[in-house]
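Undergrad: pasting the structure only:
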């Protein structure tokens, strides 16, 4: 797996403040975009959506990632917990492009002109880097369960 460039790491880390301030708005918007597909919506605990718990939890994960993108070992326990939860919910590799297609535009929707294409591109690269880590760990969980 290709490592993230130092430029991408620097850009993602530089957005941590914006993620702290606007993270819940971004994840709330992301879920609005995701849930236009009833099949995707059905994969999520709607009570956690309604209460705001899931958008807050994801916003926290995004913030932690932005702060530790250069030290992923710090995030290893959280990543492991996330992959176990994903496997319990039936998340597959094919779901990650759907999330990317909701998350990245949600970042732009919320941050508007405060985020440029280069920064959004860095987030796309970082998203896929993390997604590939999650996909690999989830595949291992599925294989062990089979």
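TA: Good, I have the coordinates. All figures in this text were calculated on a predicted structure; none of them were measured in a lab.

Undergrad: nearest spatial neighbour of residue 44, skipping sequence neighbours?
TA: Take residue 44 and drop its neighbours on the chain: the residue closest to it by Cβ to Cβ, 6 or more residues apart in numbering is residue 54, 6.7 Å away. Just so you know, the C-beta spots here come from the backbone N, C-alpha and C atoms, and that holds for glycine as well.

Undergrad: wait, doesn't that neighbour sit right on residue 30?
TA: No: if you go by Cβ atoms under 8 Å, residue 54 and residue 30 don't touch, sitting 10.5 Å apart.

Undergrad: So for the two, which residue has more residues nearby?
TA: residue 30 (25 against 18; other Cβ atoms under 10 Å).

Undergrad: Test for you: state the pLDDT assigned to that one.
TA: At residue 30, the model reports a pLDDT of 97.

Undergrad: Please give the element, helix or strand, for it.
TA: Assigning secondary structure by DSSP states H and E places residue 30 in helix 16-34.

Undergrad: who does the top helix by length along the chain touch, helix- and strand-wise?
TA: Counting by DSSP state H, the longest helix found in the chain is helix 117-145. Helix 117-145 sits against helix 6-14, helix 72-89, helix 96-111, with contacts defined as 3 or more Cβ pairs under 8 Å, 6 or more residues apart in numbering; DSSP states H and E.

Undergrad: tilt between it and helix 72-89?
TA: If you take axes from the mean of the first three to the mean of the last three Cα atoms, to 10 degrees, helix 117-145 sits at 60 degrees to helix 72-89.

Undergrad: what angle do helix 117-145 and helix 96-111 make?
TA: Helix 117-145 runs at 150 degrees relative to helix 96-111, counting by the same axes, to 10 degrees.

Undergrad: Quick check: buried residues in helix 117-145?
TA: Neighbour-count burial for helix 117-145, counted by 16 or more other Cβ atoms under 10 Å, picks out 119-120, 122-123, 125-131, 133-135, 137-138.

Undergrad: and if you look at stretch 86-100?
TA: In stretch 86-100, counting by 16+ other Cβ under 10 Å, buried: 86, 87, 91, 95, 96, 99, 100.

Undergrad: on that earlier part again, go through the helices and strands packed on helix 117-145 and name the closest to residue 42.
TA: Comparison of the helices and strands packed on helix 117-145 against residue 42 by Cβ to Cβ identifies helix 72-89 as nearest, at 10.4 Å.
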